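S.K.: build me a model:
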Amino acid sequence: MFKNVSLTFYLICFFIASGFSQTEKKTVIAVKGDGVYAMLRKNDLNPVKFYKAFLELNKKNLTANNGLYIGREYILPTANENEEKNENSVSDSIAIKPTDSLPKKQIDSIVSSEKEEATYPIFGEKYSSITIEDNKLEGAVYYLISGHGGPDPGALEKYNNKLISEDEYAYDVTLRLARKLLSKGAKVYIIIEDPNDGIRDKRLLEIDYDEVNYPKKKIPRSQKLRLRQRTQAVNKLYLKHKGNYQRLIVTHVDSRSKGNNIDVFFYHHKNSKNGKRLAESIQNTFQQKYARYQPNRIYSGTVGARSNLYVIKNTLPAMVYIELGNIKSKKDQRRILDYDNREAMAKWIAEGLISDYTLQE
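M.R.: Residues are numbered from 1 along each chain as shown. Sure, this is the predicted structure:
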């Protein structure tokens with residue numbers, strides 16, 4: 001009798017153990033363009049929560065920079081492997097330490113509004129002093145990426161026999177936007193930075209190649225490495241600021257046929273509800289401004305979903321990707337080259353961002 005009881009107990013334990021051992025992990029194959037964040041998103045896993053668990057599960061199958069090998073199989077984390085300690089998963093080598101042009105002391109004073117003014121040399125001598133108008137964006141963190149930079153000037157075109165480049169004009173609008181966000185109490189990280197350009201009230205902006213990537217890193221020649229570098233900088237800062245309202249704004253100048261003028265238009269990640277709302281908030285602001293200042297002209301700028309652009313696919317914050325115009329179009333050149341227009345675009349984008357901040361969930 002006791003033998004039968006023991007045998008029955010053994011069989012029960014055996015089948016329970018077998019059931020657990022046969023629970024297989026879900027795996028996926030990496031395809032071209034995949035990164036860890038993109039792979040997690042595609043499989044309905046929050047990259048912020050599951051990033052570290054994914055690295056742990058696949059540590060022997062990753063590149064030196066935690067990249068994926070195309071064609072290889074990767075294990076996906078399960079719910080019980082949820083990353084609970086993301087705050088500690090970021091290397092201290094990328095701690096929150098603003099560059100010399102954005103001193104931490106000054107940023108903290110802006111956020112707390114202890115001073116009426118702050119000085120930022122990055123904006124150039126004329127615009128270095130910022131008056132803190134109010135705290136409408138207190139607690140908000142913005143990452144600003146102007147397209148291209150360093151060895152890559154982006155789209156090029158001739159204007160009055162002089163070469164103009166996409167990166168210089170996108171950067172000028174980005175600096176003007178950063179200044180406005182700081183004046184409203186936000187914390188701002190300028191991811192692509194030129195050490196000496198500042199805001200330039202000029203039509204023709206000289207092309208140079210000395211831009212750096214936060215925090216003061218040389219920008220690589222390889223496009224893939226450039227995009228990865230700026231994406232990693234944003235994502236590491238995002239994890240450090242976990243819990244804050246955080247948004248990424250990327251600015252570019254499009255390049256199409258010479259006769260094709262375009263209004264400012266916007267992209268967001270196709271699966272991002274907050275990104276869509278962010279883009280629509282800025283678009284609505286542009287529509288209102290056009291209705292007021294150009295009532296006889298219909299604004300045609302659109303909001304669209306994209307997932308094939310590297311920065312859109314691989315960054316963690318809700319984001320908007322902005323095309324400011326067509327550098328090859330004579331009509332759009334008038335908009336982009338006129339610095340009063342660049343100032344207006346930055347102002348309208350900032351107003352759209354403020355509108356989105358008031359709608360946060």
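
S.K.: wait, doesn't residue 272 sit right on residue 318?
M.R.: Yes: with contact defined as Cβ atoms under 8 Å, residue 272 and residue 318 form a contacting pair (5.4 Å). From N, CA and C alone the C-beta is placed, and that goes for glycine too.

S.K.: any weak-confidence spans in the protein?
M.R.: Across the chain, the ranges flagged by pLDDT under 70 are 1-24, 81-116, 257, 259, 361.

S.K.: at 50 instead, please
M.R.: Regions of the chain meeting the criterion pLDDT under 50 cover residues 1-3, 5, 7-22, 83-115.

S.K.: so which residues of it form helices?
M.R.: With DSSP state H, the ranges of helices along the chain come out as 2-21, 36-42, 47-57, 104-112, 166-183, 223-240, 273-293, 310-314, 330-337, 339-358.

S.K.: quick one: contacts for residue 154?
M.R.: Contacts for residue 154 (Cβ atoms under 8 Å, 6 or more residues apart in numbering) come out as 147, 148, 165, 166, 167, 170, 252, 253, 255.

S.K.: of these, grab the buried ones for ChimeraX.
M.R.: Typed into ChimeraX, the line below selects the buried ones among those, using 16 or more other Cβ atoms under 10 Å:
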select :147,148,165,166,167,170,252,253,255
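
S.K.: I'd like to know how far residue 249 sits from residue 275.
M.R.: If you measure residue 249 against residue 275 using Cβ to Cβ, to the nearest Å, the figure is 11 Å.

S.K.: wait, I meant residue 143
M.R.: Distance, residue 143 to residue 275, by Cβ to Cβ: 13 Å.

S.K.: try residue 177
M.R.: Counting by Cβ to Cβ, the separation of residue 177 from residue 275 is 17 Å.

S.K.: try residue 31
M.R.: For residue 31, the distance to residue 275 - Cβ to Cβ - is 23 Å.

S.K.: which residues touch the closest residue to residue 206 other than its chain neighbours?
M.R.: Spatially, and ignoring its direct neighbours in sequence, residue 206 is nearest to residue 168 (7.4 Å; Cβ to Cβ, 6 or more residues apart in numbering). Residues in contact with residue 168 (Cβ under 8 Å, 6+ apart) are 153, 197, 205, 206, 207.
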